[in-house]
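Novice: Next input, structure requested:
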Amino acid sequence: MYLGLVLIVLAVLCLIAGIFSGGAFTIVLVPLAVIAVVAAGVALASARAAGITSTPLQPPVRRFTRRGRRGAGPPAGEVPVTPDEYVDARQRNQ
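Specialist: Below is the predicted model of the structure:
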């Protein structure tokens, strides 16, 4: 158990040393990562200040229907209608 903790600490230290050891990628990517973290923090703080607790998108409602045999027709209670009948029903409901 302690050996695992030592390995995790060594891995984190090696990662930090690799990031700050220099190079073209480090010069570009470390500031971009810092900017991204700061922007995410500002967005989170402003969303909480505005009282937003979740995204406005709702997940789609899934309707599970049982499939019948092939050619069995519509499920019980459903009647096949034509487009003209839809128009008539819509006009009656308005």
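
Novice: Report how many residues lie close to residue 30.
Specialist: When neighbours are defined as other Cβ atoms under 10 Å, residue 30 has 12 of them. Heads up, the C-betas are built off the backbone N, CA and C, glycines and all.

Novice: wait, isn't it in contact with residue 19?
Specialist: Yes - with contacts counted by Cβ atoms under 8 Å, residue 30 reaches residue 19, the gap being 6.3 Å.

Novice: so how far is stretch 82-94 from its chain's centroid?
Specialist: With Cα atoms, centre = their mean, to the nearest Å as the basis, stretch 82-94 stands 38 Å off its chain's centre.

Novice: what sits up against it?
Specialist: residue 81 (Cβ atoms under 8 Å, 6 or more residues apart in numbering).

Novice: Pull the distance from the helix of greatest length in the chain to the chain's centre.
Specialist: Criterion DSSP state H: the longest helix present in the chain is helix 24-50. The chain centroid and the centroid of helix 24-50 are separated by 19 Å, computed with Cα atoms, centre = their mean.

Novice: tell me the mean pLDDT for that helix?
Specialist: Averaged across helix 24-50, pLDDT comes to 87.
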